[in-house]
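Colleague: from the sequence below, what's the structure:
(2 chains)
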Amino acid sequence: GAGVSQSPSNKVTEKGKDVELRCDPISGHTALYWYRQSLGQGLEFLIYFQGNSAPDKSGLPSDRFSAERTGGSVSTLTIQRTQQEDSAVYLCASSRRQGANQPQHFGDGTRLSIL
Amino acid sequence: ELKVEQNPLFLSMQEGKNYTIYCNYSTTSDRLYWYRQDPGKSLESLFVLLSNGAVKQEGRLMASLDTKARLSTLHITAAVHDLSATYFCAVGYGNKLVFGAGTILRVKS
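Modeller: Here you go, the predicted model:
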């Protein structure tokens, strides 16, 4: 596709359940990022993947959060034992490489609501 | 830890007027970005600024960067209703972007 694709667009789940969010980056983009956007915290970095290098997980808020990127393309963000404070819009972005002149292109996000 | 501050957080403008949004950041960085977000939509890249004194213009928007002052500005010229959106600055910090809180811009007819 032409842009970053995320699914599902909306997810409502009960507290304590696990959720998986998917991101399909722009073809040819080797760098992939996850952010979340919430009213209280604004836009926060979660994790970064670049090619086959070890991911930068420094933004993950707790060990309930994990992410993987298979084959250098599609990425999945998993939240285990969801809490109400996990409610947010989760945004995925990709760029050609991690370089100064490469803007990150964002998907439409997954709106996650924890009941 | 890098901090990014935008002001104002909310801006209500009349069509045809000019205004500037400011983005201050606390630590040296070699890259700064401006994004636009429409309600319920994702972020659209507007500008990439990489060097001191860089100035970029697109339509009624012009962005500049002063790395010594750690300040970027987004200037709006002769605002039109279509510019109504939330504008974010983001500063490159290692592998990530650190975002400002965003400026909600409303252009009134």
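Colleague: run through the residues of chain B sitting next to chain A.
Modeller: Contact residues (CB under 8 Å from any CB of the partner chain) of chain B with chain A: B:30-31, B:33, B:35, B:41-45, B:48, B:50, B:88, B:90, B:92, B:94-102. Any C-beta I mention is one placed from the backbone N, CA and C, and that applies to glycine too.
Colleague: which residues does the helix or strand hosting A:Tyr48 contact?
Modeller: In the assignment (DSSP states H and E), A:Tyr48 maps to strand A:42-50. With contact meaning CB atoms under 8 Å, 6 or more residues apart in numbering or on different chains, strand A:42-50 is reached by A:30-38, A:55-61, A:65, A:67, A:69, A:75, A:77, A:90-91, A:97-98, B:88, B:90, B:95-102.
Colleague: go ahead and build a PyMOL selection from the buried members of those.
Modeller: Burial among these is assessed by 16 or more other CB atoms under 10 Å in any protein chain shown; the matching PyMOL selection reads:
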select buried, (chain A and resi 30+31+32+33+34+35+36+37+55+56+59+60+65+67+69+75+77+90+91+98) or (chain B and resi 88+90+95+96+97+98+99+100+101+102)
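Colleague: filter the contacts of strand A:42-50 down to the ones in strands?
Modeller: Of the contacts of strand A:42-50, the ones assigned to strands by DSSP state E are A:31-38, A:65, A:67, A:69, A:75, A:77, A:90-91, B:88, B:90, B:96-99.
Colleague: which strand residues bridge the residue positioned nearest the centre of chain A?
Modeller: Central residue of chain A (CA atoms, centre = their mean): A:Trp34, 3.1 Å from the mean position. According to DSSP bridges, the partner residues bridging A:Trp34 are A:Ile47, A:Cys92.
Colleague: check B:Asn24 too.
Modeller: B:Glu5, B:Leu71.
Colleague: ok, it - contacts?
Modeller: Contacts of B:Asn24 (CB under 8 Å, 6+ apart): B:4-6, B:70-71.
Colleague: so B:Lys3 versus A:Ala31, what's the distance?
Modeller: Applying CB to CB, to the nearest Å, the value for B:Lys3 to A:Ala31 is 24 Å.
Colleague: same question for B:Val48.
Modeller: On the measure of CB to CB, B:Val48 and A:Ala31 end up 14 Å apart.
Colleague: how long is stretch A:23-34 end to end?
Modeller: Distance across stretch A:23-34, first residue to last, is 9 Å (CA to CA, to the nearest Å).
Colleague: and for it, what's in contact with it?
Modeller: So stretch A:23-34 is contacted by A:1-6, A:45-51, A:67, A:69, A:72-77, A:90-98, A:102, A:104-105, A:107, B:96-97 (CB under 8 Å, 6+ apart).
Colleague: which among those residues end up buried?
Modeller: A:4, A:6, A:45-50, A:67, A:69, A:75, A:77, A:90-95, A:98, A:102, A:104-105, A:107, B:96-97.
Colleague: count the neighbours of B:Leu46 for me.
Modeller: 20 (other CB atoms under 10 Å in any protein chain shown).
Colleague: on the pLDDT front, check A:Gly107 for me.
Modeller: Per-residue pLDDT puts A:Gly107 at 96.
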